[in-house]
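# any chance you could fold what I've pasted below:
(one chain, ligands or ions: 1)
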Amino acid sequence: MPADVVIVGGGGVGSSVAYHLTARPDFSGKVVVVERDPSYATASTALSAGGVRQQFSTPENIRLSLYGAHFIRDIGRLLEVEGDRPDINFIEGGYLFLASASGAPVLEANHALQKREGADNTLLDPTALKTRFPWLAIDGLALGSLGLSMEGWFDPYGLLQALKRKARAQGVTYVTDTAVGLERSGERISAVTLASGERIAGRWIVNAAGPHAGKLAAMAGLDLPVVPRKRFVYVFDCREKLAPRVPLLIDPSGVWVRTEGAGYIGGISPPEDQDPDCEDLEISYDLWEDIVWPTLAERIPAFEAVKLQRAWAGHYDYNTLDQNGIIGAHPDVPNFLLANGFSGHGIQQAPATGRAIAELICVGRFTTIDLTRFGYERIRRGEPLTELNVV
Ligand SMILES: Cc1cc2nc3c(=O)[nH]c(=O)nc-3n(C[C@H](O)[C@H](O)[C@H](O)COP(=O)(O)OP(=O)(O)OC[C@H]3O[C@@H](n4cnc5c(N)ncnc54)[C@H](O)[C@@H]3O)c2cc1C
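Residues are numbered from 1 along each chain as shown. This is a model prediction of the structure:
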């Protein structure tokens, strides 16, 4: 089965590439998406917390996520199929980054950059924090940064399904199979071979394999530092009803929490030395007992009386160099396009990443957000593009 573009991985990123490509009037080729598991039971997208924010320290991340927020706001119109308008429950509840005295200058510098880039957020001193959020313990806090609009959370699985449905309506073919090989001769990958024995030839091959992107690249003899790293999300109820709603709050310790329906979800990313590459999805309840819950109860005293309802685990598509996306052609194999390594912020950046890959295929360069710095070259040079606000 020949195609113009073969996308390996039909999660949020792969489906966004498929949608953006086929939405362009200057593209008329055939697009095939190879997805091994259409239930998406273990896909990063389906297990994501679905947050979108502009509170980053890297201009490209702010721009990528701002496009994501606009896209999500307008999703009903953009991804309508036969009069059916998707609704992915975008709640613009804001992110609230909290800083101690040592972290305050960074928060201030980030805030200035975010405002220049068009983000809508405000700095709050401890008194203003307490006035706005009476349930918050302000001990040890020097500053907070609160998103006022275009930040919050949405249904990530809903976004994936809406992108996929629209991509299909625009002529994209989804094939249920596993890519097991990439046929490479010199500077080109000519085909993807599948577990079924089939082979799909393509002019462009897109790596959208999420946490397994490193493994896919290795099939062409290429090194890509993207691995699965496990993250837990704890779902809990609190007897006391907190008003106003808890935004996506990030404590200086790294523990995060937000409102989810009538309850809450929260978690923490472990330190690098306790964060092995990991294939399983077994849940650690010790992390909840020993770190997440006690930290939350200090920051929001009402959380001393909570009931853990359940928890889930998912894999970040973790870029071990700098936890930022790797977007663009592989320099050794220019028809192999990378859309990988977003770590904890990939679903909000899926819309802009899909648009960027479509620009590379149709125009040969980025025409909206210049993502040159997100290219593979930094990986080769071993020069991280450090993002200070990783969650
Ligand atoms: C717990 C958790 C919380 C998160 N919270 C947020 C958040 O708040 N905000 C945010 O923006 N991001 C968040 N993320 C990150 C975000 O979910 C990911 O960055 C994003 O979903 C990656 O999308 P993807 O399409 O690249 O990967 P995936 O959704 O994993 O899709 C990749 C697909 O490729 C398929 N595949 C892989 N290998 C092959 C192969 N060889 N052949 C065929 N198919 C293959 C897989 O089956 C999979 O469906 C979170 C992630 C987790 C785990």
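
# average pLDDT across the helix or strand hosting T127?
Per DSSP states H and E, T127 falls inside helix 126-132. The average pLDDT within helix 126-132 is 98.

# now stretch 304-319
According to the model, stretch 304-319 has a mean pLDDT of 98.

# what's the answer for stretch 260-267, then?
Here stretch 260-267 scores 97 as its mean pLDDT.

# need the residues that contact it.
49, 231-238, 246, 255-258, 292, 296, 303, 306, 309 (Cβ atoms under 8 Å, 6 or more residues apart in numbering). Where C-beta positions appear, they are placed from N, C-alpha and C, glycine not excepted.

# tell me the contacts of G314?
Neighbouring residues of G314 by Cβ under 8 Å, 6+ apart: T42, S44, A46, L47, S48, K230, R231, V233, L281.

# in which helix or strand does it reside?
Using DSSP H and E, the element containing G314 is strand 306-319.

# same question, I379
Per DSSP H and E, I379 falls inside helix 377-381.

# same thing with H111?
helix 104-116.

# ok, now which ones touch V246?
Listed by Cβ under 8 Å, 6+ apart, the contact set of V246 reads F133, W135, V257, R258, T259, Y264, I300.

# counting by contacts, list what the helix holding H111 packs against.
Here helix 104-116 touches helix 59-73, strand 95-99, strand 121-124, strand 143-147, going by 3 or more Cβ pairs under 8 Å, 6 or more residues apart in numbering; DSSP states H and E.

# run a quick neighbour tally on the closest residue to the ligand within the stretch 101-250 of the chain.
Closest to the ligand within the stretch 101-250 of the chain is G210: 2.4 Å, counting by Cβ to the nearest ligand atom. When neighbours are counted by other Cβ atoms under 10 Å, G210 registers 28.

# list the contacts for it?
Residues in contact with G210 (Cβ under 8 Å, 6+ apart) are G9, G11, V13, A43, S44, T45, H315, D317, N340, G346.

# same question for V235.
Applying Cβ under 8 Å, 6+ apart, we find V235 in contact with E260, G263, Y264, I265, L308, Q309, R310, A311, W312.

# within range of the ligand, give me the residues from the stretch 151-300 of the chain.
Residues of the stretch 151-300 of the chain lying close to the ligand (Cβ under 6 Å from any ligand atom) are T178, A179, A208, A209, G210, P211, H212, L216, R231, V233.

# most neighbours among the residues you listed, which one is it?
Greatest neighbour count in these, by other Cβ under 10 Å, goes to A208: 30 neighbours.

# and of the contacts of V246, the nearest to the ligand?
Within the contacts of V246, the smallest distance to the ligand is 9.1 Å, found for R258 (Cβ to the nearest ligand atom).

# pretty sure the closest one contacts L242?
No - the pair R258 / L242 is not scored as a contact, 11.5 Å apart, by Cβ atoms under 8 Å.

# could you list the domains of this protein?
Domain segmentation of the chain under automatic domain parsing yields 3-74+155-225+321-381, 95-149+230-314.

# out of those domains, deepest packed?
Most buried of those, by mean neighbour count (mean count of other Cβ atoms under 10 Å): domain 3-74+155-225+321-381, with a mean of 21.

# measure it end to end?
33 Å (Cα to Cα, to the nearest Å).

# one more: stretch 188-201?
11 Å.

# where does the closest residue to the ligand within the stretch 201-350 of the chain sit: helix, strand or coil?
Residue nearest to the ligand within the stretch 201-350 of the chain: G346 (1.9 Å; Cβ to the nearest ligand atom). Three-state assignment for G346 (DSSP: H, G, I helix; E, B strand; the rest coil): coil.
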